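Asks: coordinates only, sequence not included:
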């Protein structure tokens with residue numbers, strides 16, 4: 001993780017790419033994806049972490065402390081919406097992806113703007 005942070009900070013694009021690909025093979029938790037995705041401007045990880053938390057059965061207090069209460073509130077709202085729709089919509093995964101993108105539009109847009117400088 002430190003390599004990714006340093007490669008991001010110093011704009012070592014190839015090292016950043018290899019570091020992010022390597023980290024993806026380690027199977028990060030939802031919270032790790034969100035935190036590291038925010039720190040290293042990897043929007044894919046942030047969005048995946050959000051989707052995983054919305055689809056999970058519980059969000060612990062420890063996760064609230066790490067990713068923030070405002071984020072948790074949005075995630076609970078999305079989870080509630082998902083639970084209402086899940087039995088009615090066979091495309092619930094597509095709906096989940098769209099819902100996360102809309103709920104976290106500003107944050108993900110900001111991360112993507114920074115991220116575009118690393119591509």
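Replies: Right, received. Where do you want to start? Treat the numbers as computed from the prediction; the structure is a model and nothing was measured.
Asks: Show the low-confidence segments of this structure, by residue range.
Replies: 1, 86-92 (pLDDT under 70).
Asks: For it, just list every one of the helices.
Replies: Remark: helices assigned in the chain by DSSP state H are 2-9, 13-25, 30-40, 43-55, 61-67, 69-85, 92-103, 105-115.
Asks: export those helices to JSON lines and tack on mean neighbour count?
Replies: C-beta coordinates here come from the backbone N, C-alpha and C atoms, glycine included. Below are the helices of the chain laid out as JSON lines (neighbours: other Cβ atoms under 10 Å):
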{"stretch": "helix 2-9", "mean neighbour count": "16"}
{"stretch": "helix 13-25", "mean neighbour count": "14"}
{"stretch": "helix 30-40", "mean neighbour count": "20"}
{"stretch": "helix 43-55", "mean neighbour count": "21"}
{"stretch": "helix 61-67", "mean neighbour count": "14"}
{"stretch": "helix 69-85", "mean neighbour count": "15"}
{"stretch": "helix 92-103", "mean neighbour count": "16"}
{"stretch": "helix 105-115", "mean neighbour count": "14"}
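Asks: Pull the contacting residues for the residue nearest the centre of the chain.
Replies: With distances taken as Cα atoms, centre = their mean, residue 46 lies nearest the centre of the chain, 1.6 Å away. Going by Cβ atoms under 8 Å, 6 or more residues apart in numbering, residue 46 touches 33-34, 37-38, 104, 107-108, 111.
Asks: Please tabulate the residues you listed in a markdown table, including the columns distance to residue 19.
Replies: As requested, these are exported to a markdown table (distance: Cβ to Cβ, whole Å):
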| residue | distance to residue 19 |
| --- | --- |
| 33 | 14 |
| 34 | 18 |
| 37 | 13 |
| 38 | 16 |
| 104 | 24 |
| 107 | 22 |
| 108 | 21 |
| 111 | 17 |
